[in-house]
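Undergrad: Could you look at this predicted model? Sequence included:
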Amino acid sequence: MFIIFPAIAMMLGWGLRGYIGGGPFGAMIPGAMVALSIGLLLELPPVATSVLLVFAVFGIGIGGEMTYGQTLGFLRNPDTVLWGTTGTTLKGAMWGLLGGAVLSIGFVYKEIPKKRIIIALMLVIIGMFLGFKMINDPMILYFSDPEKPRAESWAGLLFGAIFFIIYLKIKTPSAIFKIILRFALFGMIGGALGFGLGGLWLYMGSYLPGVIFTSWWKAMEFSFGLLLGAFLGYAAWLSRKDSVLQNLKENLSFQTERFPAWKEYGVVLVAGLLIFWLIPNTIEWLAKTTIVNNMTGGTVSEEIARMVDNYMVTGLIFVLVLMRFPKSAWQIGITLTFCHAAIDLVRDFYSDVNPLSPFNLRFAYIFLMTAVVSILTHYFSQRKNAVVNLFLLLIWSCIAVSFLRMFVDPANLNIEGLTICQVICGKYIVDIFFTVSAIALTWILFSKIKFRTELK
């Protein structure tokens, strides 16, 4: 179960990430789902699980900064499939390496001084900048199309992970560092195998042009999430008896002071506006440049904009908010993860309007959907079986967004002239896979509630 549960959770999350929300914010979905599954398996207290959740959406989200569309394009050509597989394997490894390392801080958060955590994360930012400038920007080892270049960032993640791990090796006791290193290494292996092997679906699909199933890109995403989740789950299984995790479960001081619901809502509202609206717009205005994912550097102002807009800064904000307002952890991990899915949904419906402008109706749609999830997050976090119920909230709210997205284009609902097999195995196979995976996770979650009840 330590392998199967996180594997299914991350498989669903990764598939949703590529369907209802891309980039680093979309990658928060699989990060949240794998953290919640691991927290339940380790039987961590809800408060401890909420902290793990914040570091998971942070850690797994970082890799979403990487570009890999052109790398996957190499897999469709027999002459370049080996190079494309090398690129996906390397990028997947870096995603899992840094993601697993940052996620692991959720387990040892109470054992490391807050100042030390902040320094370690700042070193990641420095390491990422050096990786960009030393390897990625000069294209010393480049896995995209040189004729249509995109700024790669895998070396930035590698340097950031090295700085992060070395600093914590020096500054933390061996029992704590063992957990950090374990999740980093198993994340690296799972990411390498998941992306490297998963990408081969595209190669196989290029030889099967006449089959009904053609969602090879989604097969890649599902495989990536499945294997990365399985290896992170295995790392959790290896860590289950470590003294640090035992203390985490037994330490009654790991509690948070209650504060009014209005303050909880206020914190997540300010954090959301800061991350999704204020920082991007302010940086664009100050740097006089347009912020895009995988943007290249150049002038000093462009370099500053590139790094400030980097998801590492977003994750650092998450951690600072967590340190100042510990009770906001669930709102960061659940509400803000859903918020960007809602933003992407509204963008799909109204592609010609900026949905983040607070002076139009599109912004109101995002606000209302997110507010509902925020209120439910607060409600369930105060009740019995909080982790299970919040996990169900995240799963089915994201599934709801995926179904709503079907209505963006009327052609999505047109099945005229299609056979039943073409409808099930072709047109709606991804939606069916989402639903089946969500039902499987729901069954596991309700089984866990029943099992705990029987133990009592």
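TA: Thanks, I have the structure now.

Undergrad: Where does pLDDT dip in the stretch 151-300 of the chain?
TA: Residue ranges of the stretch 151-300 of the chain with pLDDT under 70: 252-258, 284-285, 287-297.

Undergrad: Run through the helices of it in chain order.
TA: Assigned by DSSP state H, counting those that start in this stretch, the stretch 151-300 of the chain shows helices spanning 154-171, 174-198, 200-205, 216-239, 243-250, 261-273, 279-287, 300-308.

Undergrad: Check the ones you listed for me and report the most buried one.
TA: helix 216-239 (a mean of 24; mean count of other CB atoms under 10 Å). Backbone N, C-alpha and C define where each C-beta goes, glycine included.

Undergrad: Show me what that one is packed against.
TA: Judged by 3 or more CB pairs under 8 Å, 6 or more residues apart in numbering; DSSP states H and E, helix 216-239 is in contact with helix 4-20, helix 28-41, helix 81-108, helix 174-198, helix 200-205, helix 429-455.

Undergrad: go with 10 Å
TA: helix 4-20, helix 28-41, helix 46-62, helix 69-73, helix 81-108, helix 174-198, helix 200-205, helix 429-455 (3 or more CB pairs under 10 Å, 6 or more residues apart in numbering; DSSP states H and E).

Undergrad: Lowest mean pLDDT across these, which one is that?
TA: Mean pLDDT is lowest for helix 429-455 among the helices and strands packed on helix 216-239, at a mean of 83.

Undergrad: Ala48: which of the helices of the stretch 151-300 of the chain is closest?
TA: helix 243-250 (5.4 Å; CB to CB).

Undergrad: what comes into contact with that closest one?
TA: The contact list for helix 243-250 (CB atoms under 10 Å, 6 or more residues apart in numbering) reads 42-45, 48-49, 51-52, 106-111, 173, 175-176, 178-179, 236, 239-240, 242, 254.

Undergrad: among those residues, which ones are buried?
TA: When the contacts of helix 243-250 are checked for burial by 16 or more other CB atoms under 10 Å, the buried set is 42, 44-45, 48-49, 51-52, 106-109, 111, 176, 178-179, 236, 239, 242, 254.

Undergrad: residues in contact with stretch 71-86?
TA: 68, 70, 87-88, 90-91, 141-145, 150, 152, 154, 195-207, 216-217, 220.

Undergrad: can you tell me the distance between the two ends of that stretch?
TA: 9 Å (CA to CA, to the nearest Å).

Undergrad: List the buried residues of it.
TA: 71-72, 74-75, 81, 84-85.

Undergrad: okay but Tyr109 is in contact with Phe55, surely?
TA: Yes. Contact between Tyr109 and Phe55 holds when scored by CB atoms under 10 Å: they sit 7.3 Å apart.

Undergrad: Quick check: neighbours shared by those two?
TA: By CB under 10 Å, 6+ apart, the residues touching both Tyr109 and Phe55 are 117, 319, 322.

Undergrad: For the first one, which residues are in contact?
TA: What that stands for is Ile117. Applying CB under 10 Å, 6+ apart, the residues contacting Ile117 are 55, 105, 108-109, 168, 171, 316, 319, 322-323.

Undergrad: Helix, strand, or coil at Trp396?
TA: Three-state assignment for Trp396 (DSSP: H, G, I helix; E, B strand; the rest coil): helix.

Undergrad: Lys148 contacts Thr67, doesn't it?
TA: No. Using CB under 10 Å, Lys148 is not in contact with Thr67; the gap is 11.2 Å.

Undergrad: between those two, who's got more neighbours?
TA: Per other CB atoms under 10 Å, whichever of Lys148 and Thr67 has more neighbours is Thr67, with 17 against 7.

Undergrad: The more buried one in helix, strand or coil?
TA: coil.

Undergrad: That one contacts Thr88, doesn't it?
TA: No. Judged on CB under 10 Å, Thr67 makes no contact with Thr88 at a distance of 11.8 Å.
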